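Asks: Provide a 3D model corresponding to the input given below.
(2 chains)
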Amino acid sequence: MKLRFNLLAGGSVMAIVAIAALTALVWTPHDPLALSFTTRLKPPGSAFPFGTDEFGRDLLSRLMAGAGPSLGISLLAVLTALTIGITLGVVSGYWRGWPDRLLMMVTDALMAFPGILLALGLLAILGAHMRGIVLALGLAFAPAVARIMRGTVISVREREFVDASRLMGNSELFTLARHVLPNCLAPIIVLATSMMGWALLAESALSFLGLGLAPPAPTWGNMLSASRTFLSQAPWLGIFPGLAISLTLLAMNLLGDGLRDLLDPRMRGL
Amino acid sequence: MTALLEIRGLVIESRNSAAPLVRSCNLSVNRGEVVGIVGESGSGKTMVAKSILGLLPPGVSQIAGSITLDGKDMAGLSLRELRSIRGGTVGMIFQEPMTSLNPSMTIGHQLEEGLRLHRRYSRDERRSRVIDMLARVGIRDAEAALDRHPHQFSGGMRQRIMIASVMLLEPALLIADEPTTALDALIQKDVLDLMIGLAREKNTAILFVSHDLAMISRYTQQTIVMAQGEIVESGRTAEVMTRPEHPYTRKLLASVPRRITVPGRSPERPIIEMEGLAVDYRNPDRSFWKPVSRRIVENIDLSIYPGEVVALVGESGSGKTTVGRAAVGLLRSVAGRVLFEGKPIKRNGDNYASYRRNCQMVFQDPYSSLDPRMTIGALVAEPLRMTGAMTSAEKRERVLAMLNEVNLTGDFANRFPHQLSGGQRQRVAIARALIGTPKFIVADEPVSALDVTVRAQVLELFNRLQQRHHFACLFISHDLDVVEAVADRVVVMRAGELVESGTTEAVFSRPRHEYTCRLLNARIRRESVEA
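Replies: Residues are numbered from 1 along each chain as shown, chains lettered A, B, ... in the order given. Below you'll find the predicted structure:
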């Protein structure tokens, strides 16, 4: 019952966000980029349901238009981190030996930097465009994934069902895919959903430092950081992007939890 | 004379289960008397022991009944009074010697702690008492031991230290909850003899909780048999053992059915041969480039013929499991070789596929040998993937037939491992090993994780299947009773080498090696009770 609720609540909020982002591609209530000095800093009302910003742009339209890039960047960044991290983690955890030593030395060294600092350094090399941001954030988050994956793989591969699979004549790769990986998913799903949150915020931090997507293109992150200057006069500028971010994160976490439980027969109440 | 400990109408309930864990338990322990509580896991025996000192785990509570110690009702005691009883009047020895001592405190400090809390002795007197007691429990060089830490002692030594720390305070009652279950067969008896001897000396009563009937019958005067939270039988130990009244007690007492051994094996060539096998353990974490390795077993020469059951016996750490794993190819040898049907095995050589299919293993821990994410049906069917040329309908039929053979009904196929009991899981593991009709099986302590009555059922099943399918088996066990029940031949291992081998009967009745004699002597047999 609780399981259903997690999936349902998380899924419906994510669906709303996705629909809003898709709609924004073809239609928004107003032009998200159109400046208008007659409508500066209007509070939420009938013409502008979420109000307007300091340049008179409609906040709702900007939120809708920003959903795509914001979520796209974080999603892709997390996927990048997962791909790199899971591969490295599995290689070190499953085969151990010197590859493990080497990889873990590198990840330990990378983890010594704060993620955002690492991303900044990478961005300086890669350039501040969408692909650069995705890659920079992905690389910055990958060491944590690799670490967790390695630990999980090490504990799972010592379980006897892994030996049993080898005894059946299954190849190492099959054993890995059929028995080891599925049993390592739970912590990774949890990590991935919380990483989505860090990525959203990291993107805004990068915007704040002028290394995110360049204005005037809206993202939730740069909207939130731009709102600071006007927070006392126009609190809605901060409230709505903030709400969008936190609701999306909540939905992600619910979805992640639901997914993890759905994949685990022990949680299905069977 | 009033009893030292008197429990009346004790009921213990858990928040998580509808049925009470313990219902209406009555028992009494007199001064200096040894009382045993025997039962399977989940029978509530540990809960009874824990409730005496108010040590029930969270979520579990005593909801009725009274516990009277030395004429005082335990329920009426303040926390302060209770603390002075814990350790002072009543001592407790736990099951796990690895975790019951604080790893970061020296032995001397831990032993003195109790004395400091409960007795008024000078510093020097405390020290001399601790040293005396350590010497008394058989710790060599007791004075040096004071400054050492628990990890520097073996499991058996730690349990001796535990006993010393409890007996230092000369408690009136000692609660021993499976005190030797975690120890090797060889030292169990020594530790128990020591515990009982010390208790007799100090006139300490013992409440001895165990699942092992042989131990209970040897060491106790009174026996209480518990099943599903209830006392089903109690009385003088000799009477309970010789004239059990309750069917459950009889079930517990019933020995494992013996296998009819086939005398004289055919002069066929062996199915598995090990020649001068040596295996190293490599620790990847100890050095950077080259793993540090340590020799685990050496010079293993062992042949197993079709259809025979060979038991591999020895204490933990002797390398039994290593030999078993090397036999099925899970571990690589650093010297010597393994031959399958007369031919050496090479990875991806021409006999490799046949070797893989024909050599299977049943693991010790049924909780970790089944992938928790797969249904029983999928688990049992998995080995069929390699045999190929079977439609899914044929496979399904084969799986159901196999489940049937291990006494599981067809609807188990759709369940998941966590929904099964330990015994049922081990049946599934056996079904998975046998579904490809292998010629050779390594069974690594297949019943040691199971309860006594379940153990008997699984062994019976094993014997029946072996007689039907005639597979050869290397049966690894430290339990000599189990070995006697299943094996044609016994091989004894010690410190990585084979020290003796022969037919089961010969080894059990005329052991040649000194170590085998010790193993056999250490076996705690149910006392043959005369009069």
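
Asks: Quick check: phi and psi at B:Thr321.
Replies: With angles defined as degrees, to the nearest 10, B:Thr321 sits at phi -60, psi -40.

Asks: Leaving out sequence neighbours, find the closest residue to it.
Replies: In space, and not counting its chain neighbours, B:Thr321 is closest to B:Asp444: 5.6 Å by C-beta to C-beta, 6 or more residues apart in numbering or on different chains. In this view, the C-beta of every residue, glycine as well, is placed from N, C-alpha and C.

Asks: what number of residues lie near the one you found?
Replies: B:Asp444 has 23 neighbours, counted by other C-beta atoms under 10 Å in any protein chain shown.

Asks: B:Ala327 versus that one, what's the distance?
Replies: Between B:Asp444 and B:Ala327 the distance is 10 Å, computed by C-beta to C-beta, to the nearest Å.

Asks: and stretch A:106-116, how far from the chain's centre?
Replies: With C-alpha atoms, centre = their mean, to the nearest Å as the basis, stretch A:106-116 stands 19 Å off its chain's centre.

Asks: where does the residue nearest to B:Thr321 land on pLDDT?
Replies: Predicted confidence (pLDDT) for B:Asp444: 91.

Asks: ok, it - contacts?
Replies: When contacts are counted by C-beta atoms under 8 Å, 6 or more residues apart in numbering or on different chains, B:Asp444 touches B:320-321, B:324-325, B:361-364, B:476.

Asks: Make a markdown table out of those and add neighbour count.
Replies: Below are those laid out as a markdown table (neighbours: other C-beta atoms under 10 Å in any protein chain shown):
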| residue | neighbour count |
| --- | --- |
| B:Lys320 | 25 |
| B:Thr321 | 22 |
| B:Gly324 | 22 |
| B:Arg325 | 19 |
| B:Met361 | 29 |
| B:Val362 | 27 |
| B:Phe363 | 26 |
| B:Gln364 | 22 |
| B:Ile476 | 29 |
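
Asks: quick check, nearest of the residues you listed to chain A?
Replies: Lowest distance from chain A to the contacts of B:Asp444 (C-beta to the nearest C-beta) belongs to B:Phe363, with 4.1 Å.

Asks: shouldn't B:Phe412 be in contact with B:Leu400?
Replies: No. Contact criterion C-beta atoms under 8 Å: B:Phe412 and B:Leu400 do not qualify, at 9.5 Å.

Asks: those helices in the stretch 401-531 of chain B, which residues are they?
Replies: B:422-434, B:452-469, B:480-486, B:504-509, B:514-522 (DSSP state H, counting those that start in this stretch).

Asks: which ones are touching the spatially most central residue of chain B?
Replies: Nearest to the geometric centre of chain B sits B:Ser448, at 5.3 Å (C-alpha atoms, centre = their mean). Contacts of B:Ser448 were listed using C-beta under 8 Å, 6+ apart, and they are B:364, B:477-479.

Asks: which of the residues you listed sit farthest apart?
Replies: Spatially, the most separated pair among the contacts of B:Ser448 is B:Gln364 and B:Asp479, at 12.0 Å (C-beta to C-beta).

Asks: hang on, the earlier thing: of B:Phe412 and B:Leu400, who's got more company?
Replies: A count of neighbours by other C-beta under 10 Å puts B:Phe412 above the other of B:Phe412 and B:Leu400, at 22 against 18.

Asks: For the closest residue to the more buried one other than its chain neighbours, what are phi and psi?
Replies: With C-beta to C-beta, 6+ apart as the criterion, B:Phe412 has its nearest non-adjacent residue at 5.0 Å, and that residue is B:Ile376. Main-chain dihedrals, B:Ile376, degrees, to the nearest 10: phi -60, psi -40.

Asks: Tell me, how many residues neighbour residue 173?
Replies: No chain in the question, so chain A it is. Neighbour count of A:Leu173, defined by other C-beta under 10 Å: 8.

Asks: wrong one, chain B
Replies: By other C-beta under 10 Å, the residues close to B:Leu173 number 24.

Asks: The one 10 residues further on too?
Replies: The burial metric for B:Leu183, expressed as a neighbour count using other C-beta under 10 Å, is 22.

Asks: Next: A:Arg147.
Replies: 20.

Asks: ditto for the one 3 residues further on
Replies: Neighbours of A:Arg150 under the rule other C-beta under 10 Å: 25.

Asks: Check A:Arg4 too.
Replies: By other C-beta under 10 Å, 11 other residues sit near A:Arg4.

Asks: circling back to that earlier point, how far away is the residue nearest to the centre of chain B from B:Val483?
Replies: Noted for B:Ser448: a distance of 12 Å to B:Val483, by C-beta to C-beta.

Asks: any residues in contact with both of the two?
Replies: Common neighbours of B:Ser448 and B:Val483 (criterion: C-beta under 8 Å, 6+ apart): B:Ser477.

Asks: What are the neighbouring residues in contact with B:Val38?
Replies: Shown in contact with B:Val38 (C-beta under 8 Å, 6+ apart): B:45, B:210-213, B:216, B:223-226, B:252.

Asks: does the nearest residue to it once chain neighbours are set aside sit in a helix, a strand or a coil?
Replies: Sequence neighbours aside, B:Ile216 is the residue nearest to B:Val38 in space, at 4.8 Å (criterion: C-beta to C-beta, 6+ apart). Here B:Ile216 is helix, with the state taken from DSSP: H, G, I helix; E, B strand; the rest coil.

Asks: For B:Lys72, list each beta-bridge partner.
Replies: B:Leu69 (DSSP bridges).

Asks: so how far is B:Ser84 from it?
Replies: From B:Lys72 to B:Ser84 the distance is 11 Å (C-beta to C-beta).

Asks: Likewise for A:Phe55?
Replies: Taken as C-beta to C-beta, the span from A:Phe55 to B:Ser84 is 76 Å.

Asks: In contact with the nearest residue to B:Cys517 once chain neighbours are set aside, which residues?
Replies: Nearest residue to B:Cys517 in three dimensions, chain neighbours excluded: B:Pro511, at 4.9 Å (C-beta to C-beta, 6+ apart). B:Pro511 makes contacts with B:500, B:517, B:519-520, as judged by C-beta under 8 Å, 6+ apart.
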